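Asker: below are the sequence and a predicted model; questions follow.
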Amino acid sequence: MALLPIRIYPDPVLRVRCAEVTTFDAELAELVADMVETMHAAPGVGLAASQVGVEKRVAVVDLSVGDDAEQLLVLVNPVIVGDDGAVVETEGCLSIPDFTEKVDRPERVEVVAQDQTGATRRFVAEGWLARAICHEVDHLDGVLFVDHLHGLRRERAKRALKKLAKEQEQREWDAAAPASSG
Ligand SMILES: [Zn+2]
């Protein structure tokens, strides 16, 4: 298992629509294991493959952040087939550090997803679990939680993203600069 570097906004891979998984092999199992380890280490409650630079429809969710193995959810090719209710709660994203904002999400979602072996499951998730699944499924379509914001919340997000983009640019410049001898 290995920790994977988490891609930070405005990395273009975060805007990619990830491809359907059709091969359920050892490589996929390894990707899932690495994603789980990376999510727990971050620490975070969810991680999508595009956040580690892999353009596949794979996500992991664990509201317990590693405390309870039964809460780990592996979502391969997940589809939200139904939803109802509405809840507003504060959300964040490992790819958008130091910014959280209130986002409207369904209270309940019905999900059809495969796991790393290809087995299909259909289940209903509520509350924070529903929110986390919506957030990760969005990632697989290149959608970020800030895209759901309107009005003042959107303005705050814009400022935070601008700052983040500047920091990332600076980081790239620093990485590209020759080592100073002074
Ligand atoms: Zn996210």
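Answerer: It's in. Note that the structure is predicted; figures quoted are calculated from it, not measured.
Asker: and the helices in this protein?
Answerer: According to DSSP state H, the chain carries its helices in the segments 26-41, 127-140, 151-176.
Asker: looking at those, which one is packed in the most?
Answerer: Among these, helix 127-140 has the highest mean neighbour count (mean count of other Cβ atoms under 10 Å), at a mean of 22. C-beta coordinates here come from the backbone N, C-alpha and C atoms, glycine included.
Asker: other SSEs contacting that helix?
Answerer: strand 46-48, strand 58-61, strand 73-84, strand 87-93, strand 96-105, strand 108-114 (3 or more Cβ pairs under 8 Å, 6 or more residues apart in numbering; DSSP states H and E).
Asker: make TSV out of the ones you listed and add distance to R153, mean pLDDT and mean neighbour count.
Answerer: Below are the helices and strands packed on helix 127-140 laid out as TSV (distance: least, Cβ to Cβ, whole Å; pLDDT from 0 to 100; neighbours: other Cβ atoms under 10 Å):
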stretch	distance to R153	mean pLDDT	mean neighbour count
strand 46-48	21	98	28
strand 58-61	24	98	28
strand 73-84	21	98	18
strand 87-93	10	97	15
strand 96-105	5	97	16
strand 108-114	22	98	19
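Asker: tell me the spacing between K56 and F145.
Answerer: According to Cβ to Cβ, to the nearest Å, K56 and F145 sit 20 Å apart.
Asker: who has more neighbours out of the two?
Answerer: Relative neighbour count places F145 above the other of K56 and F145, with 22 against 19, counting by other Cβ atoms under 10 Å.
Asker: for the more buried one, give me its contacts.
Answerer: F145 is in contact with E91, G92, C93, I96, E101, V103, H135, D138, counting by Cβ atoms under 8 Å, 6 or more residues apart in numbering.
Asker: got the contact list for the last one?
Answerer: Yep, that's D138 we're talking about. Shown in contact with D138 (Cβ under 8 Å, 6+ apart): L144, F145, D147.
Asker: next, count neighbours for the last one.
Answerer: Residues near D147, counting by other Cβ under 10 Å, number 11.
Asker: give me the nearest residue to it, chain neighbours excluded.
Answerer: Spatial nearest neighbour of D147, excluding adjacent residues (Cβ to Cβ, 6 or more residues apart in numbering): D138 at 7.7 Å.
Asker: great, nothing more from me.
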